[in-house]
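Enquirer: below are the sequence and a predicted model; questions follow.
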Amino acid sequence: MCGIVGYIGHREAYSIILKGLRRLEYRGYDSAGVALYDGNDIKLSKTKGKVDDLASKVSQEITTEGSLGIGHTRWATHGEPNNVNSHPHYSNSGDLVIIHNGIIENYETIKQELKNRGYSFHSDTDTEVLINLIEDVKKNENVKLGKAVQIALNQVVGAYAIAVFDKNKANEIVVAKLGSPLAIGIGKEEFFIASDASPFLEYTKNAIYLEDEEMAVIRLHKGISVRKIKDDSLVDPYIQELQLNLEQIEKGGYEHFMLKEIYEQPSAIRDTYRGRLSIEQAIIKMSGVEDNMKRFLNADRIIIVACGTSWHAGLVAEYMFEDLARIPVEVEYASEFRYRNPVISENDIVIAISQSGETADTLAAIKLAKERGAFVFGVCNVVGSSIARESNAGAYTHAGPEIGVASTKAFTTQITVLMLIALRLARAKGTISSSEFRMHMLELDLIPEKVENALKSDAHIQLIADKFKDAKNCLYLGRGYNFPVALEGALKLKEISYIHAEGYPAAEMKHGPIALIDENMPIFVIATKKGHYEKIVSNIQEIKSRKGKIIAVVTQGDEVVKELADHVIEVPETIEPLTPLLTTIPLQLLSYHMAVLLGKNVDQPRNLAKSVTVE
Ligand code: AGP
């Protein structure tokens, strides 16, 4: 998830773009850049780091006249965060420049074709491939920039919000959108483009939000023409007058980043498997796994090291890897693993899971593992983070920046990556049939839509949260794949509402915790139809007989648990290994609403940091 800004009009473009990039830094902040047209040529400056780093680099590198320009603040998905990979990107001729938010899935194929036609590339990005494809079309078809963009985009697969201009036709900007947001601000003899309205709200409240597969040619003094990318047909755009304020826009209209990120999970999960899962070809392809397949297949065991929510994702992965790929797995708290003098061999694979990629204990754990000969595979959300760089190989979650301290979309995208790996290894080992493999892929592809469906219970969950917000202690119970979800649900409640909560395997109740149960104890039970359903129903009956208050997460249409529980929250049905991606949604929303009702600081809970870089 990156931030893009552009301007064409009568003011100095640079100051508008720089301020706009600062407003979009919540969308990504590992590198930034700007390209300005000064009346004669393009002036481009870009750097690793934040927008402030860009400002100081610009002041040393380029002059900033000109009323046409584009700018970008990056959240890397392809290519390390560094100067050369940051945006904007030139075409080979130097005539065209582009900024891009999204992922071009078939960029490697296009890159090879362009190389065969003599194009050269300086970066590892998919974006540089796109601008040279546009240039190639423009030259070979002898068409204007707008038409070249339209033809080129019909050759790419993936997601994009782009802005492009040609120094030889510097009275226009061409933009296009598929899967990533793009807003056009309409002022008096000036136009703004941005990932959201925050960069231009102070100048104009009139905006067009392009729909998917739409593009626009924005011409100074001539206005905007919006077209469908597929067939070039004209579109009559809806110009809306914005009512949001700046803070609301940054949070996408949500009250808190945490709620926004809970609702981003369908797209974050889809972005995470995009380009890695192909149902048509019945393949899962992740370069970090492909390049080390032999090592994975010959591994004696997989050791997962992580902390907090990432550790819970590791527990889900343990069920996946053993159940599907029959590979022995141990899941370790990184903080314990690093100090207990563990037995590690060269045939071990250590998987480090970390959203930030900077957690000190996890980083120390993998350094120890590497010293003792293990191969380390990182699953991180921040490209180029310390853990990603320390790992021998890895696979990124494409969740985009997670601003709320409480992890939500990080958890579900970690599970998505780990499921892709488990399925790929299971297929390679032949521990699942091709039909089972395909069924799991089809189900994974349906998950974003099913998460959307689970989110529809938000209002119902808010009512339940209001009933239990004053509880002093809560229990969370789950079995099988949903035992780690019970732990995660308890952690969510603890860290943002400060209510004490514990997660347990449901069968553990009779070994002590059941003594805690009385009419004041809310018990959140994950009781989906998959996996030991009858057992969990009998656990619920044990709780009921002791007057515990039962809030059950059930499969849509469940009438049995509905009779037993005080409240039920329904989620769509899916296969057992994927249930955590759905059952965690109500528990995230429950903790969110309880914390809000208690007046807590949801995005920055007391005593916590987003990344624990100290021991
Ligand atoms: C979870 O909501 C917390 N933010 C915390 O437990 C977090 O998961 C843990 O600190 C690990 O962080 P990481 O994923 O960035 O390594």
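Expert: Sure, I can see it.
Enquirer: can you map out the strands along the stretch 251-400 of the chain?
Expert: Here the stretch 251-400 of the chain has its strands, by DSSP state E, counting those that start in this stretch, at 277-278, 283-284, 301-306, 329-333, 348-354, 375-380, 393-394.
Enquirer: right, I mislabeled it, should have said the stretch 101-250 of the chain
Expert: For the stretch 101-250 of the chain, the strands defined by DSSP E, counting those that start in this stretch cover 158-166, 172-178, 183-186, 191-194, 206-209, 214-219, 223-228, 234-235, 240-241.
Enquirer: quick one: list the elements packing against the third one.
Expert: Other elements packing on strand 183-186 under the criterion 3 or more CB pairs under 8 Å, 6 or more residues apart in numbering; DSSP states H and E are strand 191-194, strand 206-209. Every residue, glycine included, has its C-beta placed from N, CA and C.
Enquirer: what's the mean pLDDT across it?
Expert: The predicted model assigns strand 183-186 a mean pLDDT of 96.
Enquirer: likewise for the fourth one?
Expert: Averaged across strand 191-194, pLDDT comes to 98.
Enquirer: what strands flank it, and is each parallel or antiparallel?
Expert: Take DSSP bridges as the rule and strand 191-194 pairs in its sheet with strand 3-8 (antiparallel), strand 183-186 (antiparallel).
Enquirer: what residues does the first one touch?
Expert: The list of residues contacting strand 3-8 from outside it, by CB atoms under 8 Å, 6 or more residues apart in numbering, reads 13, 16-17, 20-21, 23-28, 67-73, 99-101, 161-163, 171-173, 175, 182, 190-195, 199, 218, 220.
Enquirer: which of the residues you listed are buried?
Expert: Buried subset of the contacts of strand 3-8 (neighbour count, 16 or more other CB atoms under 10 Å): 13, 16-17, 20-21, 23-28, 67-73, 99-101, 161-163, 172-173, 175, 182, 190-195, 199, 218, 220.
Enquirer: picking up where we left off before, would you turn the strands of the stretch 101-250 of the chain into CSV with distance to Thr77?
Expert: Below are those laid out as CSV (distance: least, CB to CB, whole Å):
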stretch, distance to Thr77
strand 158-166, 10
strand 172-178, 15
strand 183-186, 21
strand 191-194, 20
strand 206-209, 23
strand 214-219, 22
strand 223-228, 27
strand 234-235, 29
strand 240-241, 30
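Enquirer: and of the ones you listed, who's closest to the ligand?
Expert: strand 158-166 (24.4 Å; CB to the nearest ligand atom).
Enquirer: before we move on, the earlier item: ranking the strands paired with strand 191-194 by burial, who's on top?
Expert: strand 3-8 (a mean of 30; mean count of other CB atoms under 10 Å).
Enquirer: next SSE after it?
Expert: helix 13-23 (DSSP states H and E).
Enquirer: what packs against that next one?
Expert: Contact here means 3+ CB pairs under 8 Å, 6+ apart; on that basis helix 13-23 packs against strand 3-8, strand 31-37, helix 51-61, strand 68-74, strand 191-194.
Enquirer: on that earlier part again, can I get the strands of the stretch 251-400 of the chain in TSV including distance to Leu368, mean neighbour count and mean pLDDT?
Expert: Output for the strands of the stretch 251-400 of the chain, formatted as TSV (distance: least, CB to CB, whole Å; neighbours: other CB atoms under 10 Å; pLDDT from 0 to 100):
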stretch	distance to Leu368	mean neighbour count	mean pLDDT
strand 277-278	33	20	94
strand 283-284	30	20	95
strand 301-306	9	26	98
strand 329-333	11	19	98
strand 348-354	9	28	97
strand 375-380	10	25	98
strand 393-394	18	22	97
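Enquirer: which stretch among the ones you listed comes nearest the ligand?
Expert: Closest approach to the ligand among the strands of the stretch 251-400 of the chain (CB to the nearest ligand atom): strand 348-354, 3.3 Å.
Enquirer: near the ligand at all, that closest one?
Expert: Yes: if you take CB under 6 Å from any ligand atom as the test, strand 348-354 does meet the ligand, through Ser354.
Enquirer: name every strand pairing with that strand and say which way it goes.
Expert: Strand pairing for strand 348-354, determined by DSSP bridges: strand 301-306 (parallel), strand 375-380 (parallel).
Enquirer: residues contacting the closest residue to Ser457 other than its chain neighbours?
Expert: Nearest residue to Ser457, sequence neighbours excluded (CB to CB, 6 or more residues apart in numbering): Ile569, at 5.4 Å. The contact partners of Ile569, taken as CB under 8 Å, 6+ apart, are 457, 460-461, 464, 551-554, 586.
Enquirer: helix or strand next in line after the host helix or strand of Ile569, which one?
Expert: Secondary structure from DSSP H and E places Ile569 in strand 567-571. Per DSSP H and E, the first helix or strand lying C-terminal to strand 567-571 is helix 579-597.
Enquirer: the inter-axis angle of that next one versus strand 567-571?
Expert: In terms of direction (axes from the mean of the first three to the mean of the last three CA atoms, to 10 degrees), helix 579-597 departs from strand 567-571 by 130 degrees.
Enquirer: for helix 579-597, which helices and strands make contact with it?
Expert: Counting by 3+ CB pairs under 8 Å, 6+ apart, helix 579-597 packs on helix 257-263, helix 409-429, helix 434-455, helix 458-468, helix 483-497, strand 522-527, strand 549-555, strand 567-571.
Enquirer: closest one to Thr204 among the strands of the stretch 251-400 of the chain?
Expert: strand 375-380 (38.7 Å; CB to CB).
Enquirer: right, is the closest one up against the ligand?
Expert: No: on the criterion CB under 6 Å from any ligand atom, strand 375-380 is out of touch with the ligand, staying 8.0 Å away.
Enquirer: tell me which residues are up against that strand.
Expert: Contacts for strand 375-380 (CB under 8 Å, 6+ apart): 288, 292, 295, 299, 346, 348-357, 366, 369-370, 387-388, 390-397, 414, 417-418.
Enquirer: wait, what's in contact with the residue of the chain positioned farthest from its centre?
Expert: Distance to the chain centre peaks in the chain at Ser545, reaching 42.4 Å (criterion: CA atoms, centre = their mean). Going by CB under 8 Å, 6+ apart, Ser545 touches no other residue.
Enquirer: try Thr125
Expert: Counted by CB under 8 Å, 6+ apart, Thr125 has contacts 78-79, 85, 87, 89.
Enquirer: compute the number of surrounding residues for the closest residue in space to it that isn't next to it in sequence.
Expert: Spatially, and ignoring its direct neighbours in sequence, Thr125 is nearest to Gly79 (4.6 Å; CB to CB, 6+ apart). Residues near Gly79, counting by other CB atoms under 10 Å, number 19.
Enquirer: ok, Gly79 touching Ser123?
Expert: Yes: using CB atoms under 8 Å, Gly79 is in contact with Ser123, at 6.0 Å.
Enquirer: who touches both of these two?
Expert: Common neighbours of Gly79 and Ser123 (CB under 8 Å, 6+ apart) are Asn85.
Enquirer: give me the low-pLDDT residue ranges for the stretch 1-150 of the chain?
Expert: By pLDDT under 70, the low-scoring segments of the stretch 1-150 of the chain are 78.
Enquirer: could you redo the last one with a cut-off of 80?
Expert: 1, 26, 77-79 (pLDDT under 80).
Enquirer: cool, and the stretch 251-400 of the chain?
Expert: Using pLDDT under 80, the stretch 251-400 of the chain drops low at 384.
Enquirer: how about the residues of the stretch 501-615 of the chain by the ligand?
Expert: Neighbours of the ligand within the stretch 501-615 of the chain, by CB under 6 Å from any ligand atom: 611-612.
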